[in-house]
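**Student:** got a structure for you, letters missing:
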């Protein structure tokens, strides 16, 4: 075998091996290879935004996916890890618009127009959109890059359009005016996931209004938004609030606009919290979601006083019209003061929603949007194992903005489902199943439209017509152009009544002149460019300007990436996928929607397991973010420590489903671990001899048997941990086994043989070392792919293996299995063999403790008074591990008085101190320590005896002081024992 370099150079190794893996197509999946003997394993990458760059969150998520994929290959499965990126509509358009504005190309997107801006975005995407993909490769991600997908690929776009049309024809998509999250900067509706709540120091404005029917009776109202008072259409109180029940049905005069102080009714609504503030609520249906719902219940008028860009309109009144919303807030407070309505202003801290991408406060806005009634809800709820049914009242705040009735089919059906043999899905950790069910219980219709230009444009064409006959004439014209009207759905958006195209023709043929008015005819279909041109140029239809919410494309990701709607070989082999790794913050926005889409179009769940990662936080518990400056660059960490070190370090600190407290020291520990692994391999090479020879059972020492048993335990523990998605437990086992059990104990113990003269025993010990190292590298490979591949070849462990079983790459080597009962019997390994070695190692630990007590860090003489007969080999191992010079074994040893000793499983171990230490100096040092400990013990004892102290402090504090007293007592006893040993 070629000699390993003295030091490991990760940068060179990582680049060389990753290119080798790509050249050899190690990551590419072939559905033709899938069989009962080679089952499929598949996982789709949560597509990062095309604007993205590698973060620690990506490192965590993709390292977990890579661990799962690499281990599946070692288990003999055909693995597809399908990668790709998301077009990220709002985020990408924002990035490009900001860039163009900074370059002075535009002041507003309208300066370029839709087609030109989209072209600019494509240019940006081609230049910058693949950055994160290249960064994932540096991490070692073993994705099938030949199948890389983009949510704006032509065939993927066709899937999105097909799904929209299908849902439209099923009556699940409709257009309506509803309350949505609105970004005044990006001028688009937002999902709740795109809104970030931030604490704000606001002002609570208290103003008064007079009850018209009771002059002199005033109501005080508190608001943080006086600028929208012109949009108030009622004053609400709780019907159970005795202070105001006599006023229900009466009126107040709205103070703004000053020139239009309309009368507002005082209404009763249980939404009002009469324990908060004054218990009187102003109702502004056009500018608050809760107020909108109150308005719906009481049929209140809706007055929108703000333009989409946050500028107040004419309905706000002459004093506020044309003002930016926050400037208008100050002016509104001034106006209230001028008319004597403002009572007071007081500081108030609240949480305000900000647009995630534009970083401006959002508005609750009444807007005409496209909405979707979710499909396959019942199946999606029931498939999650452990999902708990909860009443709607307990389900928390629902995720979107349009209230709908509960699903009539929403009944517990778990037993029925199981009886029918339906598939189930498991969440890891399983506590998220209840959260999932909470979300699914409180479903609201999904606002799927966005008012940006970068995205999947809604495939609906509309035209207004003055009479039904004219609308039918348009349909006749389409029919003459070859359109299949039975496949086109026509909707009259004025009345909400829906007809198919053929039914409209029948109405015209019946000369139903009573159906007249102004109509907006909308057609939805899968039209190609030629058909779209006919619609627009020949018939005068216009395509809807909105694009679909980014999530509307990504909810199809598990199957649209595999060739759906065609029944491709990839889809047949790899769907449903095996695992999904994602964050719990998108459990509804992505996970739940993918499950619903899977049932709706594939008839089954999209994945069998979902692993939810935790949030990465700094040592202070803060979430990592660029704004806080507490998030290190993963590429810099890779450059400093290596990709393997970063992967191992982050997984070591990532317990199942819990937040991760990131500490660079864990990455440094990962680097040290790589060094340890490298040096252990070099140590083996330096011993010479043949590699991986047969192990002779007759020549196994107790240490050999011990390490084989510890290896068995490690294999079992790591395997079980990975099967349960307990990645940090797996790394803890690997660390313990390799660093402590193998390097610190076994390798040191093996020197008794390796430094000896028995060549047969030496060869056998090297065979054990090779066996352990070969298994260890395979256990480590999913976590640390680069160094394990380099050592696999460097140690020539691949030499005699078939190409597809480890000969070309360790990633196809078989996953280790513990020795079975027959193998253990063949080697003569018994459970008590582990105890024999453990007794020896315990004796060593006790001996090292004696040296530590007296600050001795050099080779010294030990004397063992044995309690049993010990073979010469075992004595030599003890000597080496104790670093003893010499180790005397003397059953008749009679120590001088005070000689330090320890009772071990092998007998009494003595440490004669003659000539080792300056007795007087050591006695003086210990004396000082005794005085200090006695002082501290006296203090804590006095406190515990003080009733004034013990009667006031909490029990926790008393327990701490009692433990402190115990600790000082134990330390004092030890020091006195040391003093006694000095004579």
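**Tutor:** Nice, I can see it. For clarity, every value in this text was computed on a predicted model and none was experimentally measured.
**Student:** In space, not sequence, find me the middle residue of the protein.
**Tutor:** residue 583 (2.4 Å; CA atoms, centre = their mean).
**Student:** Verify the stated contact: that one with residue 616.
**Tutor:** No. Residue 583 lies out of contact with residue 616 (CB atoms under 8 Å); the separation is 10.2 Å. Where C-beta positions appear, they are placed from N, C-alpha and C, glycine not excepted.
**Student:** shared neighbours of these two, anything?
**Tutor:** Listed as contacting both residue 583 and residue 616 by CB atoms under 8 Å, 6 or more residues apart in numbering are residue 57.
**Student:** Checking the closest residue to residue 101 other than its chain neighbours next. Helix, strand or coil?
**Tutor:** With sequence-adjacent residues excluded and distances taken as CB to CB, 6 or more residues apart in numbering, residue 101 is closest to residue 107, at 6.7 Å. When the structure is reduced to helix, strand and coil (DSSP: H, G, I helix; E, B strand; the rest coil), residue 107 reads as coil.
**Student:** Same check on residue 53?
**Tutor:** Judged by three-state DSSP, the three-state class of residue 53 is coil.
**Student:** if I look at it, how far off is residue 235?
**Tutor:** Residue 53 sits 51 Å away from residue 235, taking CB to CB, to the nearest Å as the criterion.
**Student:** Compare the two (neighbour count), which wins?
**Tutor:** residue 235 (25 against 14; other CB atoms under 10 Å).
**Student:** Correct me if wrong: that one contacts residue 278.
**Tutor:** No. With contact defined as CB under 8 Å, residue 235 does not reach residue 278; the gap is 11.0 Å.
**Student:** Go through this protein and flag its longest strand.
**Tutor:** For the chain, the strand reaching the highest residue count under DSSP state E is reported as strand 195-210.
**Student:** Pull up the pairing partners for that strand, direction included.
**Tutor:** For strand 195-210, the pairing partners within the sheet under DSSP bridges are strand 218-223 (antiparallel), strand 342-355 (antiparallel).
**Student:** To residue 211, which of these lies closest?
**Tutor:** Nearest of the strands paired with strand 195-210 to residue 211, taken as CB to CB: strand 218-223 at 6.6 Å.
**Student:** one step back: return the most buried member of the strands paired with strand 195-210.
**Tutor:** The highest average neighbour count among the strands paired with strand 195-210, using mean count of other CB atoms under 10 Å, belongs to strand 218-223 at a mean of 18.
**Student:** Next, the residues that contact stretch 684-702 from outside, please.
**Tutor:** Contacts made with stretch 684-702 from outside it, assessed by CB under 8 Å, 6+ apart, are listed as 1, 3-4, 708, 753-754, 760-771, 773-774, 795-797, 799-800, 826-829, 833, 836-837, 840, 873-874, 877.
**Student:** Among those, name the buried ones.
**Tutor:** Burial of the contacts of stretch 684-702 was assessed by neighbour count (16 or more other CB atoms under 10 Å); the buried members are 4, 708, 753-754, 761-771, 773-774, 795, 797, 827, 829, 833, 836-837, 840, 873-874, 877.
**Student:** OK, contacts around residue 681?
**Tutor:** Under the criterion of CB under 8 Å, 6+ apart, the contact partners of residue 681 comprise 4, 773, 791, 794-795.
**Student:** that older thread, can you pull the pLDDT of the residue nearest to residue 101?
**Tutor:** Residue 107 is assigned a predicted lDDT (pLDDT) of 90.
**Student:** Likewise for residue 617?
**Tutor:** 85.
**Student:** Residue 276 too?
**Tutor:** At residue 276, the predicted lDDT confidence score is 81.
**Student:** three-state assignment of it?
**Tutor:** The three-state assignment at residue 276 reads coil, by three-state DSSP.
**Student:** what does stretch 974-983 rub up against?
**Tutor:** For stretch 974-983, the external contacting residues (CB under 8 Å, 6+ apart) are 853-854, 897-900, 913, 919, 922-923, 926-927, 929-930, 933.
**Student:** and with 6 Å instead?
**Tutor:** Taking CB atoms under 6 Å, 6 or more residues apart in numbering as the criterion, the residues outside stretch 974-983 that touch it are 898, 900, 919, 923, 926, 929-930.
**Student:** quick one: low-confidence ranges for this protein?
**Tutor:** Along the chain, segments meeting pLDDT under 70 span 1, 387-422, 466-471, 487-519, 625-628, 657, 915, 917-918, 981-983.
**Student:** how about 50 then?
**Tutor:** Filtered on pLDDT under 50, the chain yields the residue ranges 388-422, 510, 513.
**Student:** Would you map the helices across the stretch 401-550 of the chain?
**Tutor:** Defined through DSSP state H, counting those that start in this stretch, the helices belonging to the stretch 401-550 of the chain, from first to last, are 414-419, 432-441, 468-480, 501-509, 529-533, 550-554.
**Student:** picking that back up, next, the buried residues of the longest strand of the chain.
**Tutor:** Applying a neighbour-count criterion of 16+ other CB under 10 Å, one finds 195, 202, 205-210 buried in strand 195-210.
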